[in-house]
Each structure stands twice: as structure tokens, then as C-alpha cells.
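Chemist: Provided below for reference: sequence and predicted model.
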Amino acid sequence: MKFRSRFNKFFPIVLCLILGTTASFAQKPAGGAPRQEKLLNGLKVLMWSDPAASDVKVSIRVHSGAAFDPQGKEGVMKLLAENIFPTAASRSYFADDLGGGVEVVTNYDYIQINATAKPDEFVTLVQTLAQAVSNPTIDRETLAALKKALSEKLTSLEKDPAYIADQAGAKRLFGTFPYGRPPMGSVETLTHIDFADLQFARERFLCADNATVTISGNFNSDLGFRAARRYFGAWLKSDKRVPFTFRQPDDPDTKPLEINVDGMTNAEVRHARRGLARNDKDFFAAQVLSKIIQSRLKALTSLENVTVSHEPRVLPGALVLNYRSAANERGLGFEWVGRIEDLEFNKARTEVAASINVAALADRWLDVDTYHLTSVSEDMKSFDQIKISDVQNVADRLSRNPQVTVLVKGR
């Protein structure tokens, strides 16, 4: 990508000099609530200034993800995200010229771009990201290259027993509901995606009023706001927001599903039940419960890779038991769940608290918009107030959900 004409090379420097003379140096604390602004196009901007930081980070979250892929064309949103920086050169620019890096994350619920740069390249970082996300070039040649690269990745994944088990378990649990379909698509569905599908997705979802920008690190927040307003201000808003509403999935088939794969010596096993949405009042209790179940199951077996997960989702997701076993290993299942003891509750609650603390502060604020939470402070309050009785109640609640089982093993 050609990011710098002679004008683009020198204009950010001039802008910094002009704005630096008028900017206030009163900054929001790096670890507290951000400075919040909203542009006329509906884009929300959150800023944390930290003069001691070694770099600047900008994240752009688009609050629509692979759940909005058309049925039979799974992979559209993944390709849309990859099209923002479609070449190795466009991504290496962040390291080679800005002294930072870039990543693009796509899941069921959102697309997120995370980029960093040296502090003196801050304005150029904002300009580069704004140009890429607000006016991406979508053409047939680029789409063909992106589809080829993703198809090659999926060709390998679709032979991986763990991936086969994950996707089969999701499909068994949710059917054609979005969470039952592969978020990256499949080799087959990619062949059905054409140029018009990406154009349509961009017009519907890649819009200023469907996004939030966070800026954190070593920058001046007044300069940050003015740069965001200048470069993101031209990003178009959507004509009509697309609600995150889907018909609830039918009850799953609870008969165990066996899939035979040549050459396997171990078995991949998945047990899954439908779980809770991220904004459910019992979500954190379900997180604690998943840790308790995982600890109990690990105590019953020599297996090292037993995990119980309950991922955050906009709509009710899944509680999944995941493990690999040798052919002679005793099978595991959910242990539904008698009396919870104080010791295991406290241990599990500490583990969940640690995972929350590890999460970047900016991501926790982005989650408020993605998952329709009240606020970061209210979210943390709901976690702080969890009692053992809440976990016991959510265990009873989830135990009533049907369970699906998938076994991927050798022939």
C-alpha cells in the first residue's frame, strides 16, 4: 500500500506542531476511566493518555462479526476483515515505518484491528488506520488472493481432529444458528463468496456508527481527539443499523456423534451444553462454575489437557468440555454438580478474577458496546458480588440444558 505521498509524509508533523501549541496537558489517568468523545458520524472515541508508555496503541472494533455471515457463504466477515490490510506489505508497514505492529481479529461478535506505533508516529498511525477502515479497496483480484490464502489455511485445519471436533460440536449444539457455523467459513463456502458479497457487508457493517475506537499510550489526548476527528470524521455512518437478532436454535440431537478419521491414535472429545450470553446477570457465575467443573474433572483423570470453557457471546453461547484421550483412557463427562464447597468456589473465583485482570482495560470498555453492558464499573460490581449460592443456582440452571457429545477417533 502506498501510505505516504510527499504531502502525507510531512502533514502529520505540521499537524503535531500546530496542535501541540494549543493542546492542554491535563491528561486522563492511564488506568482509570477514559476521555470519551463522539464524532458527528456516530463513532465513539475512548482515550487513555500515559506519558510514561513506550508506544501508542489504537484499536478499532466493529461490533458485527461472523454471526452475520449469510448462510452458505460463511467466511464473508473474515474476508472483509482481512481485506482491510490485504497484503504482507500493508501489514509490515506498521513495523518497518511506524515501529509497531498490527493484527486483525475476527470472531462471531466483532472485527477488531489492533495497531501500535512509536509515539512520534502517532498521527500517522491514526491516519493510516482511518484510511484503511473507512475506505477499503475491494476488488476482484484482491478478493481472489484472500480467498486462496484462507482456503489453504482451512484445507489444513479441516484435517485437524481437534478442529473437526470443535466444529462438529458447535454444529450439533446450534445447527444453522450462527454459533453452529464456522466463523472462518469452510473450503466449500468460500467458493460461493463473490465480490458483491464483500461490498454488501462493507456497506452494512463497516460503518462509523457501528464501531468504537480506543487510543492508549504515550500521546496527548487533545491531539488524539483532533486527529481522530480529522481522519475518522469522513467515515460514513450506516443508513440502518443491523440488529443482532436471530431465531433461537432448535433443541439439539443429544445422541452421541462419532466421526472416524484415518491415522488417529488418540480421540478428541467434546461435550457441550448451551450457556449464557455475556450480558446475562449470571454470566460470571457461569465462568466460576466452568473452573470448578474443570478442577473436579482434572482430579479424576491423568489427562493434562482437560478444559471447560464458557466464551462470552452476544447471544447465549456454549459451555464446552474439551479433552483428548488415549484409546484406553476412561471417558469423562460433565459432573453435574452437587454441593459446591467454599474452598473450590474461592479458588475458581480467584482464577476468573485473574483472567479479568489480565484483559486490557481498553478491551473491557469495548466489551461494553459489543455486549450491551451497562458499564465497566457495573460489570465489575456484578463479579465482586458473586456468592456461592449464585454459582449453585447457575449450575442447576445449566444442568437442565440438553448435552451434545462428539467423539473424533481413528477408524
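Modeler: It's in. Keep in mind that what you see is a predicted model, and the values were worked out from it rather than measured.

Chemist: now do the helices in the stretch 151-300 of the chain.
Modeler: Counting by DSSP state H, counting those that start in this stretch, the stretch 151-300 of the chain has these helices, from start to end: 161-174, 187-190, 195-205, 221-232, 283-299.

Chemist: so which elements touch the fourth one?
Modeler: Using 3 or more CB pairs under 8 Å, 6 or more residues apart in numbering; DSSP states H and E as the contact criterion, the elements in contact with helix 221-232 are helix 6-22, strand 35-38, strand 44-49, helix 122-134, strand 211-217. All C-beta spots, glycine's among them, are computed from the backbone N, C-alpha and C.

Chemist: ok, the last one next?
Modeler: Using 3+ CB pairs under 8 Å, 6+ apart as the contact criterion, the neighbours of helix 283-299 among helices and strands are strand 307-310, strand 318-326, helix 342-358, helix 388-399.

Chemist: got the buried residues for the first one?
Modeler: With burial defined by 16 or more other CB atoms under 10 Å, the residues of strand 307-310 counted as buried are 308, 310.

Chemist: given it, what are its sheet partners and their directions?
Modeler: According to DSSP bridges, strand 307-310 has the following sheet partners: strand 318-326 (antiparallel).

Chemist: not counting the partner strand itself, show me its contacts.
Modeler: For strand 318-326, contacts defined as CB atoms under 8 Å, 6 or more residues apart in numbering pick out 162, 165-166, 169-170, 173-174, 179, 265-275, 286, 289-290, 293, 297, 303, 305-311, 331-334, 398.

Chemist: hmm, back to that, so which of the helices and strands packed on helix 283-299 is the most packed in?
Modeler: Neighbour counts (mean count of other CB atoms under 10 Å) averaged over each of the helices and strands packed on helix 283-299 peak at strand 318-326, with a mean of 20.

Chemist: residues touching residue 246, list them.
Modeler: Residue 246 neighbours (CB under 8 Å, 6+ apart): 67, 177, 178, 315.

Chemist: hmm, try it at 7 Å
Modeler: 177, 178, 315 (CB atoms under 7 Å, 6 or more residues apart in numbering).

Chemist: of all the residues you listed, which comes closest to residue 40?
Modeler: Closest approach between the contacts of residue 246 and residue 40, by CB to CB: residue 315, at 31.1 Å.

Chemist: for residue 161, see how far away the closest one is.
Modeler: In this view, residue 315 and residue 161 are 28 Å apart by CB to CB, to the nearest Å.

Chemist: repeat that for residue 269.
Modeler: If you go by CB to CB, the gap between residue 269 and residue 161 works out to 10 Å.

Chemist: between those two, which one's more packed in?
Modeler: residue 269 (24 against 18; other CB atoms under 10 Å).

Chemist: what about the protein, any weak spots by pLDDT?
Modeler: Within the chain, the stretches with pLDDT under 70 are 1-31, 239-245, 304, 327-336.

Chemist: residues contacting residue 395?
Modeler: Neighbours of residue 395 in contact, by CB under 7 Å, 6+ apart: 289, 337.

Chemist: one more: the one 3 residues further on?
Modeler: When the contact criterion is CB under 7 Å, 6+ apart, the partners of residue 398 are 273, 275, 286, 319.

Chemist: out of the residues you listed, who's nearest residue 360?
Modeler: residue 286 (22.4 Å).

Chemist: how about that closest one, what does it touch?
Modeler: Residue 286 touches 275, 276, 310, 319, 394, 398, counting by CB under 7 Å, 6+ apart.

Chemist: how far away is it from residue 73?
Modeler: In terms of CB to CB, residue 286 sits 32 Å off from residue 73.

Chemist: what of residue 315?
Modeler: Residue 315 is 20 Å from residue 73, by CB to CB.

Chemist: for residue 324, same thing?
Modeler: 32 Å.

Chemist: cool, and residue 186?
Modeler: Residue 186 is 10 Å from residue 73, by CB to CB.

Chemist: sorry, back to before: turn the helices and strands packed on helix 283-299 into TSV, columns for distance to residue 42.
Modeler: TSV is the format used below for those (distance: least, CB to CB, whole Å):
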stretch	distance to residue 42
strand 307-310	32
strand 318-326	32
helix 342-358	29
helix 388-399	36
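
Chemist: which one of the ones you listed lies nearest to residue 95?
Modeler: helix 342-358 (24.7 Å).

Chemist: contacts for the helix or strand that the closest one is followed by next, please.
Modeler: Counting by DSSP states H and E, the element after helix 342-358 in chain order, helix or strand, is helix 361-370. With contacts defined as CB under 7 Å, 6+ apart, helix 361-370 is touched by 31, 34, 44, 46, 59, 61, 63, 109-110, 212, 214, 216, 314, 373, 375-376.

Chemist: repeat that for 6 Å
Modeler: 46, 59, 61, 63, 109, 110, 212, 214, 216, 376 (CB atoms under 6 Å, 6 or more residues apart in numbering).

Chemist: residue 61 bridge partners, please.
Modeler: Those that pair with residue 61 in a beta bridge, by DSSP bridges, are residue 112, residue 212.

Chemist: isn't it up against residue 212?
Modeler: Yes: Residue 61 is within contact range of residue 212, at 5.2 Å (criterion: CB atoms under 6 Å).

Chemist: before we move on, back to that, dump the contacts of residue 398 into JSON lines; add distance to residue 257 as well.
Modeler: Putting these into JSON lines (distance: CB to CB, whole Å) gives the following:
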{"residue": "273", "distance to residue 257": "15"}
{"residue": "275", "distance to residue 257": "20"}
{"residue": "286", "distance to residue 257": "25"}
{"residue": "319", "distance to residue 257": "18"}
